[in-house]
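Student: Next one to model:
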Amino acid sequence: MKLKVKYQTLVKLGIIFIILGIGSFLFFQFYLKGKLVFSKMEKELLEVAHDYYLENASDLPKNNGDVSTVLLDTLYKNNWIDALYVPGKKEVCDTSSWVKVIKEDDEYKYYTYLSCGKYESKTDHVGPTIELNGDSTIVLDLNASYQELGIKSVIDDTDKTITNDKVVIDTSKVDTSKAGSYPVTYTVEDKLKNKTVVTRTVQVNHYLRQEIIAKTDETNTFKGNVDNNYVWYAGFLWRIMYLTDDDIRLVTDEAASTLKVSFQGKNYNVDEIYMLEWLNNYFKNHLNDVENIIKTGNKWKVNQIKDDSQSEEITMDIGSITIHDYNQSLVDGNTYLNQIDSYALLSLRQAYEDYMKLVVRISMRLDRLDINSKAFELQEEIEDIAVHVRPVIAIDKNSLIYGGDGTKSNPYVLTNKINESKILNEHHTGEYVEFSNLLWRIVHINENGTTRLVLNQDIFENGATQLIHVFDSNDEVVFNTEKQGNLGYFLNHEFIGRLNEDKIDFGKFDVSNYDYVLNNERLQSDYVEAKVGNIALGEMFSVQPSYMLNPVWVANGYNWHKRVNAGFILNGIVKYSEANRYHYQYYQTVVRPVINLKSDVEIISGNGTVNDPYRVK
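Tutor: Numbers count the residues shown, from 1 in each chain. Now for the predicted structure:
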């Protein structure tokens, strides 16, 4: 029994010794052996560095306190040493490893730092720690003076405290006269010349509000016929109206579209007005970078026409020019808002039950009316029409400017994002495109990837002075691509000959008929499929250029008798009714074609502006 116990004890001890032996072997093989190999390489590097400086004595430090450095990479390239590898691996040691020589009391002292994977010399190789006074980023207004805040402390693990005057501060790159981001560097070294560089960023911002304050009176409102309040954003040219405590209001310089905006016999609240629905859905969805540019849930002060003190406040993301906006922009009856003949304005009307509701009115240019008082005192409500719409957006009062000087030729720019894509359908509404030697604008990107364009100029049938007859020989106005004499036929069989047809895809074009009383309700929905269509009410850029006096044909519309599904834009107002139809059938009209470029169309040059449009293959 005792022999059996002794035997079991010996077996246990044997197992323990075996485990210890294996552990010792593994410890030596994977750790101690690696340490020994690494130590040997450290010594080899130091010896090679000694030999290097014996032959290159001129590289040794000249004065006490000076330091000279030879990199492992230098020794490799000059064949002073064979490659050093991470112990147990085929990976080369860090070539930025070094040997430094410092001259102290007229003697040379060598310090070796070698980095090989997880193995690293204990020599001090880390620069001091710099703690700055103040924040690492300083934000300044344009033209403000930069005041250096200095440093709080400098600590080194080996040399301990280093005095602040040893830190070199470089502010030479800061230029507060130009918006941008500028570095201020703080550089310090320890005894072995281990360097630390810390950077503070000085952000110089050019705020749009600064320009508004400088260019306006104490009301921070642009008034009269000013020409220094232009802004470029989302493919539109905008005008700054005014600065408030909460935001900056911008209005499009030209109309964005033509809509039916007034009503007959009813007072509609804000949720029922189609124009406001169009602005806050269709138009808003055609803008880019909305979440970073446009404020939402904004307050809009809407006043009575004849009594500016009577007002209500409504809330929406995007609005239109109000009576109050217009009135406060006037100087002796003149305003920069008058460059468009007619457009919708928001005002209040006294209802029969003595409560206020939102309605829409039309403003005519004061110089056309030859009056020097508020235009609205002479205006009556106009029913059964559609007019130009000029959206108004609110942006943050701290919005930045990334370029421009506010002139029409060089407007302020609200974003520094650059779309460098060469695929046309990755660009935005409002940008300009040169196609087949004609200037177009992007309406939107269709769901199938094609790009809808509207011609930004007018076409004529037989030269610059001959306008197009839109009624065919049977006095029909329905868009028909196969019937000779019809506008649809002209666009798809004659005008298309001027274009590179291979790049144009078929698309659907709205020729619906709308109820002239109800709010954008279709009497019948009609769409035609063609390669070339015409502008339609409610679509982006379905507008008449401000320089035009001739009527412009639109492909859809509304009519009392539900028969005429088209109309004319004349002086910014779309006219309908059976009487107008017979009156205008003797007119010749301007046409604004619309096409859809295929999804694979690429850009070869240009930046999408009117002066440098995208040019496509």
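
Student: Now Leu491: closest residue in space, sequence neighbours ignored.
Tutor: Val532 (4.1 Å; Cβ to Cβ, 6 or more residues apart in numbering). Glycine gets a C-beta too; all of them are placed from N, C-alpha and C.

Student: Correct me if wrong: that neighbour contacts Val594.
Tutor: Yes. Using Cβ atoms under 8 Å, Val532 is in contact with Val594, at 7.2 Å.

Student: so how far is stretch 52-64 off the chain centroid?
Tutor: Distance of stretch 52-64 from the chain centroid (Cα atoms, centre = their mean, to the nearest Å) equals 57 Å.

Student: Go through that stretch and flag the buried ones.
Tutor: By 16 or more other Cβ atoms under 10 Å, the buried positions in stretch 52-64 come out as Tyr52, Tyr53, Pro61.

Student: now do stretch 609-617
Tutor: For stretch 609-617, by 16+ other Cβ under 10 Å, it's Pro613, Tyr614, Val616.

Student: what pairs with the second one across the strands?
Tutor: Per DSSP bridges, the residues bridged to Tyr614 are Val433.

Student: Run through the residues that contact it.
Tutor: Leu424, His427, Glu431, Tyr432, Val433, Glu434, Ile603, Ser605, Gly606, Asn607, Gly608 (Cβ atoms under 8 Å, 6 or more residues apart in numbering).

Student: from the residues you listed, which is closest to Thr176?
Tutor: Asn607 (28.5 Å; Cβ to Cβ).

Student: where does the stretch 1-150 of the chain have low pLDDT?
Tutor: 1-14, 17-32 (pLDDT under 70).

Student: which residues in it form strands?
Tutor: 67-71, 98-104, 107-113, 115-116, 119-120, 129-132, 137-141 (DSSP state E, counting those that start in this stretch).

Student: mind giving me the domain split of the protein?
Tutor: Domain ranges of the chain: 33-120, 129-205, 209-412, 423-616, per automatic domain parsing.

Student: Take those and lay them out in TSV including distance to Ile15.
Tutor: Below are these laid out as TSV (distance: least, Cβ to Cβ, whole Å):
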stretch	distance to Ile15
domain 33-120	25
domain 129-205	46
domain 209-412	69
domain 423-616	71
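
Student: out of those domains, which comes closest to Ile16?
Tutor: Of those, nearest to Ile16 by Cβ to Cβ is domain 33-120, at 23.6 Å.

Student: Could you list the low-confidence segments of this structure?
Tutor: Ranges of the chain meeting pLDDT under 70: 1-14, 17-32, 260-273, 303-310, 340-342, 347-386, 458-478, 512-525, 543-590.

Student: picking up where we left off before, what about the residue nearest to Leu491, how many neighbours?
Tutor: The local packing of Val532 (other Cβ atoms under 10 Å) involves 25 other residues.

Student: need the contact list for it.
Tutor: Taking Cβ under 8 Å, 6+ apart, one finds Leu491, Asn492, Phe495, Ile496, Leu499, Ile504, Pro593, Val594, Ile595 in contact with Val532.

Student: Which residue lies closest in space to the fourth one, excluding its sequence neighbours?
Tutor: Spelled out, it's Ile496. Val532 (5.4 Å).

Student: Look up how far Gly430 lies from that neighbour.
Tutor: 21 Å (Cβ to Cβ, to the nearest Å).

Student: if we can go back for a sec, relative to Lys301, which of the buried residues of stretch 609-617 is nearest.
Tutor: Out of the buried residues of stretch 609-617, the member with the shortest distance to Lys301 (by Cβ to Cβ) is Pro613, at 38.3 Å.

Student: pretty sure that closest one contacts Leu439?
Tutor: Yes. Assessed by Cβ under 8 Å, Pro613 is found in contact with Leu439 at 6.2 Å.

Student: Are there residues contacting both of those two? Which ones?
Tutor: Tyr432, Val433.

Student: hmm, back to that, could the strands of the stretch 1-150 of the chain be laid out in a markdown table, adding mean neighbour count?
Tutor: As requested, those are exported to a markdown table (neighbours: other Cβ atoms under 10 Å):
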| stretch | mean neighbour count |
| --- | --- |
| strand 67-71 | 17 |
| strand 98-104 | 20 |
| strand 107-113 | 15 |
| strand 115-116 | 20 |
| strand 119-120 | 16 |
| strand 129-132 | 15 |
| strand 137-141 | 14 |
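
Student: Dump the ones you listed into a markdown table; add distance to Tyr326 as well.
Tutor: Output for these, formatted as a markdown table (distance: least, Cβ to Cβ, whole Å):
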| stretch | distance to Tyr326 |
| --- | --- |
| strand 67-71 | 72 |
| strand 98-104 | 73 |
| strand 107-113 | 74 |
| strand 115-116 | 72 |
| strand 119-120 | 74 |
| strand 129-132 | 52 |
| strand 137-141 | 32 |
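
Student: So which of those strands is nearest Ile318?
Tutor: strand 137-141 (29.0 Å).

Student: packing partners for the closest one?
Tutor: strand 195-205 (3 or more Cβ pairs under 8 Å, 6 or more residues apart in numbering; DSSP states H and E).

Student: Moving C-terminal from the strand it packs on, which element do we reach first?
Tutor: Heading C-terminal from strand 195-205, the first helix or strand you meet, by DSSP states H and E, is helix 208-215.

Student: Run the angle between that next one and strand 137-141 for me.
Tutor: 20 degrees (axes from the mean of the first three to the mean of the last three Cα atoms, to 10 degrees).

Student: can you list contacts of helix 208-215?
Tutor: Outside helix 208-215, the residues touching it (Cβ under 8 Å, 6+ apart) are 141-142, 220, 222, 226, 228-229, 231, 240, 242-243, 248, 395, 397-401, 406, 412, 414.
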